[in-house]
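# Generate a structure from the sequence data that follows.
(one chain, ligands or ions: 2)
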Amino acid sequence: MTKEKILVIGASGQIGVELTLALRKIYGATNVIASDLREQNPLLEGTGPYVSLDVMNKEMLHVQVIRQGVTQIYLLAAILSATGEKNPALAWHLNMQGLLNVLDIAKEEKLTKVYWPSSIAVFGPTSPKKDCPQKTIIEPTTVYGISKYAGEFWCNYYFMKYGVDVRSLRYPGLISYKSAPGGGTTDYAIEIFHEALEEGHYKCFLERDTYLPMMYMPDAIRATIELMEAPKEKISIRTSYNLSAISFSPEEISTEIKKHIPEFTINYAPDYRQAIANSWPQSIDDSVAAKDWGWKPEFDLSAMTKDMLDNLRK
Ligand code: NAD
Ligand code: AKB
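Ligands and ions are numbered 1, 2, ... in the order given. I've put the predicted structure just below:
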């Protein structure tokens, strides 16, 4: 068996920090290279190698891959839904060109595996709202969603045409306490915890009854690693797998928080992100991931709320 050397691109972000730490536990600290455009995240400092890298600079990326003997890439650098609507051209450019650079290098250097996340943002207003299936009408209305859907088909293309073993998950909104979120529509469900503890009040940018698919970060990290470690023959989806855990509204999460902080209050002042949220499904059917590689979430709303508050209080 070849010794794996993993490059995580976008390692200083919300998922990158936790995924890098989890991969370092499995593969050994020196075999997982963290990289980002940003300064290294303080949570990663002293835990393993870090390189400053721009995924848009294909030549430099290629040099790093060869120089470091990289065998796998996890590509997390992207612009998310809310930030993407403010600068559509930049979101399209980074989300597409970054992926194409990685896929090309993976093909040329015969990397063993590539991971690239998609999102529930691929779905649009014409997709089913409840239990949205793996294969259905997909007509995204945000530039982020369009870039993710196009990206899914580039992944499929590189697998079919060149045999690049690229795997992908359509993450729901991810909730975590370690690293700050990077400009998504589901970020309210993280902000609410910080504001509840610091101010006792939260002004929510979505309406009270806006249901969205969500997941606690430990489940997302485990799903990612389970997908990447699954035998190749178990992977039937080469675009991106639906993935699901919890669905709730701002009102429901605030009720859950009140069980721990009775004086907590919330008011609603929807902004441009409401239209993005309205275009997405309320819940996702992930039965194909369950059937193919045994996916099963662990955290429900009450377990997640308790764990978030316990950790943020620390
Ligand atoms: P994030 O914004 O927190 O992190 C992205 C990281 O990429 C940042 O640290 C940023 O500095 C880095 N980056 C940006 N441009 C770069 C460049 N040119 N070269 C190198 N690094 C660059 O995002 P995240 O929430 O960690 O998301 C990671 C991936 O997961 C993205 O593809 C995102 O679309 C996807 N995703 C996230 C969620 C979620 O809820 N967080 C849900 C669905 C999908
Ligand atoms: C966002 O809100 O943009 C992300 C996502 C669901 O992709 N959290």
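
# Low-confidence ranges, the stretch 1-150 of the chain, go.
Applying pLDDT under 70 to the stretch 1-150 of the chain picks out residues 1-2.

# Would you map the helices across it?
In the stretch 1-150 of the chain, the helices defined using DSSP state H, counting those that start in this stretch lie at 14-27, 58-68, 81-86, 88-109, 143-162.

# Let me have those helices in JSON lines, extended by distance to ligand 1 and mean neighbour count.
Every residue, glycine included, has its C-beta placed from N, CA and C. Formatted as JSON lines, those follow (distance: least, C-beta to the nearest ligand atom, whole Å; neighbours: other C-beta atoms under 10 Å):
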{"stretch": "helix 14-27", "distance to ligand 1": "4", "mean neighbour count": "22"}
{"stretch": "helix 58-68", "distance to ligand 1": "9", "mean neighbour count": "15"}
{"stretch": "helix 81-86", "distance to ligand 1": "8", "mean neighbour count": "21"}
{"stretch": "helix 88-109", "distance to ligand 1": "6", "mean neighbour count": "18"}
{"stretch": "helix 143-162", "distance to ligand 1": "7", "mean neighbour count": "20"}
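
# Could you dump these into TSV with distance to Gln40 added?
Shown next, in TSV, are those (distance: least, C-beta to C-beta, whole Å):
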stretch	distance to Gln40
helix 14-27	10
helix 58-68	15
helix 81-86	21
helix 88-109	19
helix 143-162	26
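
# between these, which gets nearest to Leu75?
Leu75 sits nearest to helix 88-109 of all the helices of the stretch 1-150 of the chain, at 4.8 Å, using C-beta to C-beta.

# For the stretch 151-300 of the chain, which residue gets nearest to ligand 2?
Among the residues of the stretch 151-300 of the chain, Gly184 lies closest to ligand 2, at 2.5 Å counting by C-beta to the nearest ligand atom.

# what sits against that residue?
Contact analysis of Gly184 by C-beta atoms under 8 Å, 6 or more residues apart in numbering lists 80-83, 173.

# which bits of the stretch 151-300 of the chain sit near ligand 2?
Within the stretch 151-300 of the chain, the residues that sit near ligand 2 (C-beta under 6 Å from any ligand atom) are 173, 184-186.

# circling back: and the contacts of Gly184, which two are the farthest apart?
The distance between the two most remote of the contacts of Gly184 (C-beta to C-beta) is 14.5 Å, for Thr83 and Gly173.

# ok, of the contacts of Gly184, which one's closest to Trp295?
Gly173 (17.3 Å).

# For Asp165, which non-adjacent residue is spatially closest?
In space, and not counting its chain neighbours, Asp165 is closest to Lys113: 4.8 Å by C-beta to C-beta, 6 or more residues apart in numbering.

# Quick check, the one you found in contact with Met228.
Yes: Lys113 lies in contact with Met228 (C-beta atoms under 8 Å); the separation is 6.2 Å.

# overlap in contacts of the two?
72, 167.

# Do a quick rundown of the helices in the stretch 201-314 of the chain.
Going by DSSP H, counting those that start in this stretch, the stretch 201-314 of the chain shows helices at 217-229, 250-258, 273-278, 287-293, 301-313.

# what would the ones you listed look like in a markdown table with distance to ligand 1 and mean pLDDT?
Shown next, in a markdown table, are the helices of the stretch 201-314 of the chain (distance: least, C-beta to the nearest ligand atom, whole Å; pLDDT from 0 to 100):
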| stretch | distance to ligand 1 | mean pLDDT |
| --- | --- | --- |
| helix 217-229 | 8 | 98 |
| helix 250-258 | 15 | 98 |
| helix 273-278 | 13 | 98 |
| helix 287-293 | 15 | 98 |
| helix 301-313 | 14 | 98 |
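
# now those as a markdown table including mean neighbour count?
Formatted as a markdown table, the helices of the stretch 201-314 of the chain follow (neighbours: other C-beta atoms under 10 Å):
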| stretch | mean neighbour count |
| --- | --- |
| helix 217-229 | 19 |
| helix 250-258 | 19 |
| helix 273-278 | 18 |
| helix 287-293 | 17 |
| helix 301-313 | 16 |
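
# Specify the stretch among those helices that is closest to Leu23.
Using C-beta to C-beta, the helices of the stretch 201-314 of the chain put helix 217-229 closest to Leu23, at 7.5 Å.

# which residues sit against the closest one?
Applying C-beta under 8 Å, 6+ apart, the set of residues contacting helix 217-229 is 14-15, 18-19, 22-23, 26, 72, 74, 113, 115, 117, 167, 169, 171, 174-176, 178, 215, 235, 241, 243, 245, 289, 293-295, 297-299.

# count of residues packed around the closest residue to ligand 1 within the stretch 51-200 of the chain?
The stretch 51-200 of the chain approaches ligand 1 most closely through Gly182 (2.1 Å), counting by C-beta to the nearest ligand atom. Counted with other C-beta atoms under 10 Å, residues neighbouring Gly182 total 19.
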